[in-house]
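> Got a predicted model here, sequence first, then my questions.
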Amino acid sequence: MPTIQPTPQEARDAVNIFASIDVLGLLGDTDYPGASTIEQAIKEFYNGITSIDAGLRAYAMTQDLQTWSDAKGRYEYSGVWNTVIAQAGGRYKTFASTSGTKELLSKYVRLIANRGDTQGWKLAVNGSDLTNTTPQYLTEAFNLSVKARPSQWLRWWGNSITPFSALQCVIGKITNENRPQDLAQLQHQQNVSVTYNYPSGVIGDSTYHTSTSVAFSRMGQLKPDNTVGSKIQYDILFKLVDPQGDVIASFQVDPEIIVI
């Protein structure tokens, strides 16, 4: 059965939701229970897979997932962890919403949408979310609410704010809140790779390079019977991937869609 895709006009009118992810901050966070950092929790998961060579696992536990290269000005993925991930047979660490990662991810994930589609922030504010200043400012607000019409298409894009990191996040799928099933109010959910142009370099002081690349996104269409005025709570499943495209870990956050 062929995948149903938006018409050119529907694609143009789609709500674009960009998820900016601080990969390095996420890996280095020290608040995840049971491990010194998120990266350590990932490493310990793979150390527990006994089908991977024991000597390889022991050595890998002494190595960072990626290390900074002064010569190249970027982080490079560790060869030993490339081997470990390859031997894991597709198994990877899943950080469930019930294990404290929703609160943790609020520090490292921001969602941005088209100006006309942005409703505002969905907030559950407590004292720790506000600065001790006058006026007070929010310190952690990531659950962007977007507006969408019944039958309108939505596109979710992963966008790293640490582009020199070898490890990156992609959006795996859009699911029901706290459930692994596809979002019930969304149909025709699919992966979409789109060719796009972006400024990539400078020549002198007044001319610039524009390059073409391919961006990965997740797309779906709101079902036509969604009730206007309703709020759809959902989860975005993120996957942390290595340069070869292998999944290392997964996370999730929980924004909302307001049907207009």
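Alright, I've got the coordinates. Residues are numbered from 1 along each chain as shown.
> what are the ranges of the strands in the stretch 51-200 of the chain?
Per DSSP state E, counting those that start in this stretch, the stretch 51-200 of the chain carries strands over the ranges 66-69, 74-77, 93-94, 109-113, 118-121, 144-148, 153-160, 168-176, 186-203.
> Mean pLDDT, mean neighbour count and distance to residue 35 added to the ones you listed, as CSV?
Backbone N, C-alpha and C define where each C-beta goes, glycine included. Below are those laid out as CSV (pLDDT from 0 to 100; neighbours: other Cβ atoms under 10 Å; distance: least, Cβ to Cβ, whole Å):
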stretch, mean pLDDT, mean neighbour count, distance to residue 35
strand 66-69, 95, 14, 18
strand 74-77, 95, 17, 21
strand 93-94, 92, 18, 10
strand 109-113, 82, 20, 20
strand 118-121, 61, 14, 30
strand 144-148, 83, 21, 29
strand 153-160, 89, 21, 23
strand 168-176, 91, 21, 19
strand 186-203, 87, 12, 31
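> Now distance to residue 232 too, for those, in a markdown table please.
Shown next, in a markdown table, are these (distance: least, Cβ to Cβ, whole Å):
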| stretch | distance to residue 232 |
| --- | --- |
| strand 66-69 | 36 |
| strand 74-77 | 36 |
| strand 93-94 | 23 |
| strand 109-113 | 14 |
| strand 118-121 | 12 |
| strand 144-148 | 9 |
| strand 153-160 | 10 |
| strand 168-176 | 10 |
| strand 186-203 | 8 |
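> Minimum distance to residue 241: which of the ones you listed has it?
strand 168-176 (5.8 Å; Cβ to Cβ).
> can you list contacts of the closest one?
For strand 168-176, the external contacting residues (Cβ atoms under 8 Å, 6 or more residues apart in numbering) are 19, 21, 23, 156-158, 160, 181-184, 186, 189, 216-218, 220, 234-241, 250-252.
> Among the residues you listed, name the buried ones.
Using 16 or more other Cβ atoms under 10 Å as the burial test, these include 19, 21, 23, 156-158, 160, 183, 186, 189, 217-218, 220, 234-241, 250-252 as buried.
> quick one: which of the residues you listed sit in helices?
residue 23 (DSSP state H).
> Let me know the pLDDT of residue 140.
Here, the pLDDT recorded for residue 140 equals 63.
> Looking at the strands of the stretch 51-200 of the chain, which is nearest to residue 39?
Here strand 66-69 is closest among the strands of the stretch 51-200 of the chain (Cβ to Cβ), at 9.2 Å.
> Next one: the nearest residue to residue 35 once chain neighbours are set aside from residue 27, what distance?
The shortest distance from residue 35 to any non-neighbouring residue, by Cβ to Cβ, 6 or more residues apart in numbering, is to residue 41 (3.7 Å). Residue 41 sits 10 Å away from residue 27, going by Cβ to Cβ, to the nearest Å.
> Equivalent analysis for residue 164, please.
Residue 164 is 14 Å from residue 27, by Cβ to Cβ.
> ok, those two, which is more surrounded?
residue 27 (23 against 14; other Cβ atoms under 10 Å).
> which SS class is the residue lying closest to that one once chain neighbours are set aside?
In space, and not counting its chain neighbours, residue 27 is closest to residue 39: 4.2 Å by Cβ to Cβ, 6+ apart. Residue 39 falls in the helix class when you classify it by DSSP: H, G, I helix; E, B strand; the rest coil.
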